[in-house]
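K.L.:
structure for the following, please:
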Amino acid sequence: MISIDRNDMMNAFDIREKIVSEEICLSDQMNEARDKDWWESIDQFSIDDTMRFEAWLTSGEFTGS
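P.N.:
Numbering: from 1, shown residues only. Got it, this is the predicted structure:
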């Protein structure tokens, strides 16, 4: 009886470990995709956008209306 309970517990722990491992892997993949999308969006700025942004930065007007 005790060995069956221990086996059940070990199986439950194995299942939980597998689920957590899969969730961590999925989270890592999502973070990697997020970083890739962020850099790709930066590459899409035009020269005019970049110049306007630089002008805004040098003006020092960072507060909202």
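
K.L.:
which SSE is E22 in?
P.N.:
helix 2-43 (DSSP states H and E).

K.L.:
so which elements touch the following helix or strand past that helix?
P.N.:
Downstream of helix 2-43, the first helix or strand assigned by DSSP H and E is helix 47-59. For helix 47-59, there is no helix or strand it packs on, judged by 3 or more Cβ pairs under 8 Å, 6 or more residues apart in numbering; DSSP states H and E. Just so you know, the C-beta spots here come from the backbone N, C-alpha and C atoms, and that holds for glycine as well.

K.L.:
how about low-confidence regions in the protein?
P.N.:
Applying pLDDT under 70 to the chain flags residues 1-4, 62-65.

K.L.:
I'd like the distance between the residue most central in space within the chain and I42.
P.N.:
Nearest to the geometric centre of the chain sits N31, at 2.5 Å (Cα atoms, centre = their mean). From N31 across to I42, the span is 17 Å (Cβ to Cβ, to the nearest Å).

K.L.:
returning to that earlier point: measure how far the helix holding E22 is from the centre of its chain, please.
P.N.:
13 Å (Cα atoms, centre = their mean, to the nearest Å).
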